[in-house]
Structure formats: structure tokens, C-alpha cells
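Colleague: With the input below, show me the fold.
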Amino acid sequence: MKNSVYIVAGARSAIVPSGGLFKNLNYYDLASPVIQHCLNAIGLPPNKVDELIVSNALGGGGNPARLVALASGLPQNLAGLSIDRQCVGGLDSLLVGKALILSGQAQVVIAGGAESYSLRPKRYYKSLKEKKYIYQSQAPFLPSIYNDPLMEVAAGELANQSNITKTEQHEWAIESHTKALRARSELSKEIVTVPRAPIDHDPYARSLTMETCQRSKVLSASVSTASTSVAADGAAFVVMVSEKALNTLSIDHALRIIDGKTSGGNPELPGLAPISVNDLLLKKNQLSVLDLDVIELMEAYAAQAIICAKELKLPIDRINLSGGSLSRGHPIGASGAVLAVRMLNELKNERKIGLATIAGAGGIATGILFENITFNNS
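Modeller: Down below sits the predicted model:
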């Protein structure tokens with residue numbers, strides 16, 4: 001379709017809990033094999049790439065995208081563009097790439113995210129609430145200039161206000177792990193092995209039971225470690241092209257980006273933000289939730305996923321078909337891009353329309369609608 005942007009390739013690393021197999025790898029170590037794989041998969045030379053957009057939340061400053069570009073063997077004249085919108089940045093990188101292509105500034109863009117939670121910087125910051133300096137081993141998430149609750153505290157408050165029980169949250173988590181284990185062989189097809197730490201699956205997925213969940217540590221109110229995504233390391237990227245560039249490739253499957261939107265909401269209840277964003281996105285494109293064949297819904301907290309599914313009336317049997325972040329982990333800057341890679345692999349055969357959506361610290365959310373496009377190259 002004229003004036004459309006297409007995703008023609010996508011892949012990710014395994015998602016590994018912080019302190020695990022990837023603990024000695026920086027974000028560019030995780031990103032470079034993924035990017036090289038994406039280009040090789042469609043036979044696209046690195047010198048055809050016009051821009052690289054990298055979402056990174058914990059890297060400690062500088063221009064992470066430049067380091068990723070150099071590590072990936074992209075041309076030196078490609079400067080790289082880094083963005084930080086915390087959890088939603090991985091999806092927002094696609095929206096930035098789309099804008100560059102539609103404006104005519106680029107024909108080919110690689111977009112995604114990379115995060116090393118294990119090697120995140122440590123810093124002091126001033127707590128607005130406690131009026132003192134706090135030492136944190138992660139970048140501080142300050143949802144509001146007036147208050148700075150931990151994210152699990154915000155999730156606990158959301159669960160309380162929405163009457164979401166601990167059992168409901170644990171049931172959601174168990175289902176996420178069950179689906180991920182069932183789909184392990186299929187998921188391995190989208191995972192690129194990182195040479196210095198080879199693994200072809202997400203190691204956190206396990207046979208989770210209600211008994212195990214009940215023994216898990218309570219983080220806040222009804223929110224437990226079992227119903228919270230574990231901090232993780234990982235990278236995920238897609239190759240986006242204009243229609244002109246698309247016509248030079250020999251591929252059988254792509255995703256067209258129908259539309260996308262990022263917006264803000266209540267900073268102290270960030271889990272609610274996807275509700276209004278996706279409601280507006282669906283209405284704008286004259287779609288109902290029943291038109292969605294696949295829904296990739298971020299599960300930073302089970303409570304957040306549950307309330308979004310309920311309020312948007314999403315078909316439960318179409319959400320996170322192969323498990324969600326509760327069963328793999330949350331590499332903050334990369335998590336949204338993981339959803340896009342998941343969408344590329346789930347939207348096949350008879351599945352036509354998909355929605356990927358994620359909430360982030362600060363009360364923001366992003367949603368992107370995708371359409372499966374198939375080509376007959378015989």
C-alpha cells in the first residue's frame with residue numbers, strides 16, 4: 001500500500017534474568033548478533049541501512065545506538081539514534097522509524113531495543129518523598145514529580161483499586177509460563193544465539209504452580225514476585241522498509257504498520273495508561289477488539305495486564321499466545337521490541353491483524369496495530 005511502512009525481518013536474543021548467563025555482556029554484545037541475523041535473513045547489505053534506532057533505559061548515558069551500530073558492523077557514517085521512554089521505548093523506536101521513512105528521510109531503518117540489567121550503572125538520587133539521597137542499583141523510575149513510589153507499589157495500588165485478587169494474578173502468571181513452555185520450540189525460531197553466551201530459549205519459563213506462587217515473596221499488597229516480571233537482559237530488533245525498498249526484496253511475509261500511538265496518563269497508576277491509548281487507536285482505525293487475531297500485551301505485572309484486558313474487553317484466548325514477559329523477563333528498553341518480534345512470528349497463516357501494547361513508568365503507554373502481508377514470489 002502506498003505510504004506504508006513494513007517490517008520485513010525481526011529477531012531477538014533469549015531473555016535472561018539479571019545476573020544469569022548474560023551477566024558479563026553489555027547491551028551492544030546482545031544487540032549485534034541480532035541485527036546481523038536480521039540483515040542476513042533477507043540478504044540486505046549493511047550499507048543499505050539508513051538509520052538505527054535503539055531504545056535503552058539503563059545504559060548510563062551517551063549514545064547507546066552508536067555503540068550498537070559499530071558493534072554490528074554497520075557503516076561508520078550511520079550515527080545511530082538512542083531513545084529512552086523506559087518500558088515503552090522498544091515499541092516507540094518503531095514509531096520513530098516509521099516517521100523517518102514516511103517523511104522520506106530513510107528507506108531502511110533498523111529499530112528495537114537492548115538492555116543489560118546486569119551491568120546497569122549504580123547511582124545516588126534524591127527521593128522526593130523521603131527527602132534524602134538513596135543508593136539504587138538501577139536507573140530511578142520517578143513516575144511523578146510529586147511522589148516516587150516503587151513500581152510494585154503502584155501495581156499493588158492498581159490491584160487494590162481494581163479489585164484484582166492475588167489468586168487472579170497468580171493464575172495469569174501460571175498461564176503465561178504454561179504457554180511459554182508449550183511454545184518453546186516455536187519461540188526458538190525467533191531467538192538468535194549470542195556467541196559468547198549461547199542459549200536458544202528463554203530460561204525463566206518454568207512449570208509454575210499455585211503452590212509455588214503462594215510461597216513467593218510479597219512485594220506490595222497483593223503483588224508478589226510470581227506475578228511480577230523479573231529484571232532481565234536481552235535485545236530485540238526489526239528491519240523496517242518503505243514500499244520502494246520492499247519491492248527490492250524477495251520475501252514471503254511482512255507486517256504492515258497500520259497505525260501506532262503513544263500517550264500519557266496518571267503517573268502514579270502507570271498500569272492504566274494502555275486502556276485509553278488502545279481504545280483511541282482502535283476507534284481511529286475503525287477496528288474492534290474482535291478484529292484482533294493476536295494481542296501481545298506486556299505483563300510487567302499481572303495486575304496491569306488483567307485490568308487492561310478487562311477494560312478493553314480483549315479476547316483472552318488471543319492474548320500472548322506463546323506466553324508473555326512474566327514467563328521470560330523484562331529487559332526494560334528492549335521489552336517493547338520483543339513484542340514486535342513476537343508479532344512478526346505470530347501473525348502468520350490465517351492471522352491477519354495484531355495489536356502490541358505496553359505500559360511504562362511515568363504513566364505512559366504505546367500501542368501499535370499490525371497487518372500480516374503475504375507475497376507470492378514463486
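
Colleague: measure stretch 187-195 end to end?
Modeller: 19 Å (C-alpha to C-alpha, to the nearest Å).

Colleague: Surely Pro330 and Asp233 touch.
Modeller: Quick fix: residue 330 is His, not Pro. No. Between His330 and Asp233 there is no contact under C-beta atoms under 8 Å: 10.3 Å. Every residue, glycine included, has its C-beta placed from N, CA and C.

Colleague: who has more neighbours, these two?
Modeller: Asp233 (34 against 25; other C-beta atoms under 10 Å).

Colleague: what's the closest non-adjacent residue to that one?
Modeller: Of all residues beyond its chain neighbours, the one nearest Asp233 is Phe22 (4.0 Å), with distances taken as C-beta to C-beta, 6 or more residues apart in numbering.

Colleague: What is the neighbour count of that neighbour?
Modeller: Neighbours around Phe22, by other C-beta under 10 Å: 30.

Colleague: hang on, isn't it packed against Thr193?
Modeller: No. Contact criterion C-beta under 8 Å: Phe22 and Thr193 do not qualify, at 11.9 Å.

Colleague: three-state assignment of Ala305?
Modeller: Look at Ala305: counting by DSSP: H, G, I helix; E, B strand; the rest coil, its state is helix.

Colleague: Give the burial count for the closest residue in space to it that isn't next to it in sequence, as a bare number.
Modeller: The spatial neighbour of Ala305 that comes closest, neighbours along the chain excluded (C-beta to C-beta, 6+ apart), is Glu299 at 4.5 Å. Per other C-beta under 10 Å, the neighbour tally for Glu299 reads 28.

Colleague: again with Pro45
Modeller: 9.

Colleague: correct me, but it touches Leu39?
Modeller: Yes. Between Pro45 and Leu39 there is a contact under C-beta under 8 Å: 7.4 Å.

Colleague: what is in contact with Phe22 and Thr193 at once?
Modeller: With contacts taken as C-beta atoms under 8 Å, 6 or more residues apart in numbering, not a single residue reaches both Phe22 and Thr193.

Colleague: Please report the distance of Gly43 from Val108.
Modeller: 13 Å (C-beta to C-beta, to the nearest Å).

Colleague: ok, the two, which is more surrounded?
Modeller: Higher neighbour count among Gly43 and Val108: Val108, with 25 against 11, using other C-beta under 10 Å.

Colleague: Any idea what that one is bridged to?
Modeller: Taking DSSP bridges as the rule, Val108 bridges to Val241.

Colleague: how much space between it and Ile35?
Modeller: Remark: distance between Val108 and Ile35 (C-beta to C-beta) = 12 Å.

Colleague: swap in Ser72?
Modeller: Taking C-beta to C-beta, one finds Ser72 at 4 Å from Ile35.
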